[in-house]
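Colleague: take a look and give me a structure for this.
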Amino acid sequence: MGPLLLVLLLALLLFGAGFALKALWWIAVIVLVVWLLGFVVRPTTGGRRGRWYRW
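Modeller: Presented below is the predicted three-dimensional model:
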């Protein structure tokens, strides 16, 4: 019974880690798209061209 519970716990742990890593990949892609849009969308402020974000 012990090894069966250990395998079940390991499967649940790996499933949770896979879901978290997939979610982190999607967040990284969204941040990359926003960062690239910062180079495309550049409003002119005070005659100087700058990024629309402040970092």
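Colleague: tell me how far the residue nearest the centre of the chain lies from residue 33.
Modeller: Against the mean C-alpha coordinate of the chain, by CA atoms, centre = their mean, the closest residue is residue 27 at 2.0 Å. Between residue 27 and residue 33 the computed distance is 11 Å (CB to CB, to the nearest Å). Using the backbone N, CA and C atoms, a C-beta is placed for each residue, glycine as well.
Colleague: again with residue 25
Modeller: Going from residue 25 to residue 33 by CB to CB gives 13 Å.
Colleague: mind checking how far the host helix or strand of residue 32 is from the chain centre?
Modeller: Element membership for residue 32 (DSSP states H and E) is helix 2-40. Here helix 2-40 shows a centroid-to-chain-centroid distance of 9 Å under the convention CA atoms, centre = their mean, to the nearest Å.
Colleague: quick one: average pLDDT of it?
Modeller: Helix 2-40 carries an average pLDDT of 84.
Colleague: so which elements touch that helix?
Modeller: Applying 3 or more CB pairs under 8 Å, 6 or more residues apart in numbering; DSSP states H and E, one finds that helix 2-40 contacts no other helix or strand.
Colleague: how many residues are close by residue 37?
Modeller: 13 (other CB atoms under 10 Å).
Colleague: same question for residue 38.
Modeller: Residue 38 has 14 neighbours, counted by other CB under 10 Å.
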